[in-house]
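Undergrad: Build me a model from this:
(chains A and B)
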Amino acid sequence: MFDIHAGYVVIISGALTALLRFIPFIAFRKKRPEFILYLGRVLPYSVMTMLVVYCLKGVNLLKYPNGLPEFIAGISVILLHSWRRNTLLSITLGTIFYMVLVQFVF
Amino acid sequence: MMKNSFFQAFRDTLPVMAGYIVLGIGFGILLSTKGYNFVWAFAMCLAIYSGTMQYMAIELFSDPSLINTAITAVMSGARHLFYGISMVERYKNIKGLKKFYLIYALTDETYSLVSATEQINPDYCFWVSLLDHSYWITGSVLGAVLGEFLPFDSRGIDFSLTSLFLIICTEQWLNSENHTPALIGFSASLICLLIFGAENFLVPSMALITISLFMVRGKGKNV
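TA: Numbering: from 1, shown residues only, chains lettered A, B, ... in the order given. Next up, the predicted model:
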């Protein structure tokens, strides 16, 4: 039988997600006040560090391994990338390194 | 030009491909274990297209309150307001269906790539959006079809998305003189994570970031 309740969940969450994505474009369709231009310039920087925290929000610092794999792999990615500036290299090595850490080391 | 944009977009989205296919497979598997097949996976990738929300929707299937669905959708989706605010000027000259798709498909990862440049190439943004979306659909449908069969231990592979964001932060840091916005984003969300916990920290973080950005506005060098 078709699960109508699940259908409603998909429609409601989909509509609201789309609405949140469209609101700024609709609200500032014609005029873009100076504070929006300012936020447009600075927000990408703030959002990206917020997304890093968002990705790592599930890490429990009080329980073994105390966020060590994330910390070690994260620092390695930053250092490797500052050195070589090669996105694919940094992501590939960083991810493999993290997988080794969580699967074999910790 | 169109072709160049495609190859550039393809190269830049390779990390997203790794992350989305794996996370998508995880989503598809979870969905199929709850008794919803690949048609549901496909429909959700079109109707919702937000990894976080799709994972939470599975939980909400067994919650009789649709109000809870609405609250969860607004709380977890509120960060898209930020993406829109920062893209509204960059996307201003794009029109019609293309613009509609670019806005609808503005996920965390797509945003991280299209917001990286001040000068917008509409074709590039379109390919990034479409490629990311196709990776997500591929992973989700694959996961729902394959069920629990996975050829290797993929534990930890979702770190590719964390790496992607870290690398963009590093690039931004090395390419800019004013590090205040980055530091505000990091410290505000860390503080809110500690105060409000992992489930509820995004909305307070966004409020604190916005307030802080206005407090430092006009001080020091502009970005």
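Undergrad: who are the neighbours in contact with residue B:30?
TA: B:55, B:58, B:143 (Cβ atoms under 8 Å, 6 or more residues apart in numbering or on different chains). The way it works is simple: take the backbone N, C-alpha and C, and place the C-beta from them, glycine included.
Undergrad: Could you say which helix or strand holds the second one?
TA: Secondary structure assigned from DSSP states H and E places residue B:58 in helix B:51-60.
Undergrad: swap in the last one?
TA: Following DSSP H and E, one finds residue B:143 within helix B:122-146.
Undergrad: Now find how far off-centre that helix is within its chain.
TA: Remark: helix B:122-146 is offset 12 Å from the chain centroid, using Cα atoms, centre = their mean, to the nearest Å.
Undergrad: That helix: what's the following helix or strand?
TA: helix B:159-175.
Undergrad: how about that following helix, does it reach chain A?
TA: Yes - using Cβ under 8 Å from any Cβ of the partner chain, helix B:159-175 reaches chain A at B:159-172, B:174.
Undergrad: and that helix, what does it pack onto?
TA: If contacts are counted by 3 or more Cβ pairs under 8 Å, 6 or more residues apart in numbering or on different chains; DSSP states H and E, helix B:159-175 sits against helix A:34-55, helix A:68-84, helix A:87-100, helix B:2-33, helix B:108-114, helix B:180-196.
Undergrad: quick one: the nearest residue to residue A:59 once chain neighbours are set aside from residue A:101, how far?
TA: Spatially, and ignoring its direct neighbours in sequence, residue A:59 is nearest to residue A:67 (4.4 Å; Cβ to Cβ, 6 or more residues apart in numbering or on different chains). Distance of residue A:67 to residue A:101, given as Cβ to Cβ, to the nearest Å: 11 Å.
Undergrad: just to revisit the earlier point, which one of the contacts of residue B:30 is nearest chain A?
TA: residue B:58 (9.0 Å; Cβ to the nearest Cβ).
Undergrad: one step back: quick one: contacts of the helix holding residue B:58?
TA: A:9-10, A:13, A:17, B:20, B:23-24, B:27, B:30-31, B:34, B:36, B:44-45, B:48, B:68-69, B:72-73, B:76-77, B:107-108, B:136, B:140.
Undergrad: can you check stretch A:31-41 too?
TA: A:28, B:85-90, B:92, B:210, B:213-214, B:217, B:222-223.
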